[in-house]
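Chemist: here are the coordinates; sequence isn't available:
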């Protein structure tokens, strides 16, 4: 029971204090799980890092989940991920509540308007990189149809983006 609490503490502290991508979590998790609270052996830890890196999704959560599952079963998987992701989830919900409470404030609206072009450029860059890396020989008419259809659904009809995504999936299933 003490080892389980130490595992949860290590996952919680890492989730609370580490900032960055999955690679930023690895040294802290290694320190907690192999040295501070020796829950697993270092070779086991790096084996977990290896197969966690091969799977899609957040690396830190996969490492914590795998260590928890290997050491404590399903309860380690569930409570370890809850301890690891909980601080970020609480912070995100608190920030969301603050933003929704003050969304009419002129300074907050100014910041949102300032950030908006950067977000548009980043999304456009991802789309451009995707177009350059995907090697699919499709006529451009499909891209034009999907783009204009999405623009019509989201921009003109003011429907949620999920409708455009589902429409694009149906179009792809039928015509591509």
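Modeler: Now that the structure is in, tell me what you want to look at. These numbers were taken from a predicted model, which means no experiment stands behind them.

Chemist: residues touching residue 42, list them.
Modeler: 30, 34 (Cβ atoms under 8 Å, 6 or more residues apart in numbering). For the C-beta atoms, the positions are set from N, CA and C on the backbone; glycine is no exception.

Chemist: can you report how many residues lie near the residue lying closest to residue 53 once chain neighbours are set aside?
Modeler: Nearest residue to residue 53 in three dimensions, chain neighbours excluded: residue 59, at 6.4 Å (Cβ to Cβ, 6 or more residues apart in numbering). Per other Cβ atoms under 10 Å, the neighbour tally for residue 59 reads 19.

Chemist: adjust the sequence numbering to begin at 4 for everything that follows.
Modeler: Sure, I'll start counting at 4 from here, so that last one is residue 62.

Chemist: do you know how far residue 62 is from residue 23?
Modeler: 10 Å (Cβ to Cβ, to the nearest Å).

Chemist: the chain: helices as residue ranges?
Modeler: 5-20, 25-33, 45-56, 62-75, 77-104, 109-136, 143-154, 164-178 (DSSP state H).

Chemist: and among those helices, the most buried is which?
Modeler: Of all those, helix 62-75 carries the top mean neighbour count, a mean of 22, counting by mean count of other Cβ atoms under 10 Å.

Chemist: flag the shaky bits of this structure, pLDDT-wise.
Modeler: 133-141 (pLDDT under 70).

Chemist: spatially central residue in it, please.
Modeler: Of all residues in the chain, the one closest to the mean position by Cα atoms, centre = their mean is residue 61, 5.8 Å from it.

Chemist: hmm, that one is touching residue 26, no?
Modeler: No. Between residue 61 and residue 26 no contact is recorded; they are 11.6 Å apart, counting by Cβ atoms under 8 Å.
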